[in-house]
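Colleague: Just the structure for this:
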Amino acid sequence: MFSKGILLSSLQFLKTIKTIPWSIQRFMRQKSYLHTTPDAVIKLLMPSGMILEYNGFYHLSTKGEGYLPDDTLFSFFKTDETKETIRSFLKETILHVKPQWATHLYKGRREWVGSLEDGLEKRELLELFQSLDLLEGSNDSILSWWDSLAQAFAPSSERNLEIGREGEKRSILYEEYRVGKKPYWEALESNFSGYDLLSVTDRGEDTPLRIECKASRNSYRFHVSRREWEKAVGFVEYLFHFWHLGRNELFVLPVPFLKGHIPIEQGKGVWENSLFSFTREELVPFLAPIPEESSVLN
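Modeller: Prediction:
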């Protein structure tokens, strides 16, 4: 149901019925419509409220009017403006059609691609996502696209994305300031790696440093999952970044410091998630020095 052909055909259908409502019976009797079938178009547009049925005709809804294409829309997704329109349209239809593959979107881009079964649907989806820069881009618009769908389809335990993303963004800026180059944003590709950023230990060095980012708006509390902790103790170079967003302060926490606060397993007790709750005074020794003029604080 989701391919470049189906999306473009559906958008053209919206444009057509704005001028002339289309007879439901006449439209559905057609064997094909542009790059797809009438049935595929209706199954995409009807659940998302883009079109209405009235007196035997398909009519454009107020919502659908907001996605009307201009004359440049069909030039192979060449401009940023048309790509943004199609991304927005795609997101809205995914939210309402709820395809089975959407339940894996929260896992990250690489994990989502890996969850797709080989076949025509996978090829069409990857072609569509690639043409809209959704598999490689990382600007705010694309990040927001992925995060909004992740929020919608993720299990409740995985939905605290907004604050976490803000911490990751700030840590990326800090690492770029600290070592002179941007770290690799692993969390954008997978939520199962046990760390968020892959940086280096120092400027001019190539020793990998894995960073798990935590953030809070107004407290010094954060959670560490068992997967994250096992990765932390498994690597020589691994740090936790904790951002107090309200004060715009970063605390760089080494593994040995947190180790003394990790739960102890006894008998049949096994921990999966640990809550750390500190005072600012306890974390001050790990406060990162960031010049006020740095872009990290702006």
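
Colleague: Okay, the closest residue to H244 other than its chain neighbours and E136: tell me how far apart.
Modeller: Closest residue to H244 apart from its sequence neighbours, by C-beta to C-beta, 6 or more residues apart in numbering: S216 at 6.2 Å. All C-beta atoms are positioned from the backbone trio N, CA, C, and that covers glycine. Per C-beta to C-beta, to the nearest Å, S216 is found 31 Å from E136.

Colleague: And for E189?
Modeller: 10 Å.

Colleague: between the two, who's got more neighbours?
Modeller: More crowded of E189 and E136, by other C-beta atoms under 10 Å: E189, with 17 against 9.

Colleague: Cross-check the contact I'm expecting between that one and R110.
Modeller: Yes: at 3.9 Å, E189 and R110 qualify as touching, with contact defined as C-beta atoms under 8 Å.

Colleague: Can you point out the buried residues in stretch 227-236?
Modeller: 228-229, 231-232 (16 or more other C-beta atoms under 10 Å).

Colleague: I meant to write stretch 257-277 there.
Modeller: In stretch 257-277, counting by 16+ other C-beta under 10 Å, buried: 257-258, 262, 274, 276.

Colleague: Now the residue nearest to H244. Its backbone dihedrals?
Modeller: Dihedral pair for S216: phi -150, psi 150, per degrees, to the nearest 10.

Colleague: quick revisit: filter the buried residues of stretch 227-236 down to just the ones in helices.
Modeller: Here DSSP state H is the test, and these give 228-229, 231-232 as lying in helices.

Colleague: sorry, back to before: of the buried residues of stretch 257-277, which is the nearest to I6?
Modeller: Here the nearest of the buried residues of stretch 257-277 to I6, counting by C-beta to C-beta, is S274; it sits at 45.6 Å.

Colleague: now the residue lying closest to the closest one once chain neighbours are set aside: how far from N55?
Modeller: Nearest residue to S274 in three dimensions, chain neighbours excluded: V224, at 5.1 Å (C-beta to C-beta, 6+ apart). According to C-beta to C-beta, V224 stands 60 Å off from N55.

Colleague: tally of neighbours for E281?
Modeller: E281: 8 neighbours (other C-beta under 10 Å).

Colleague: where's it, which helix or strand?
Modeller: helix 280-283 (DSSP states H and E).

Colleague: Just flag the most distant two among the buried residues of stretch 257-277.
Modeller: F257 and S274 (13.7 Å).

Colleague: which element follows the strand or helix carrying L52 toward the C-terminus?
Modeller: According to DSSP H and E, L52 maps onto strand 51-54. Using DSSP H and E, the helix or strand that follows strand 51-54 in sequence is strand 57-60.

Colleague: picking that back up, more neighbours: which of V224 and N55?
Modeller: V224 (19 against 8).

Colleague: Assign a three-state SS to the more buried one, would you?
Modeller: strand (DSSP: H, G, I helix; E, B strand; the rest coil).

Colleague: any idea how far it lies from P263?
Modeller: Distance from V224 to P263, by C-beta to C-beta: 10 Å.
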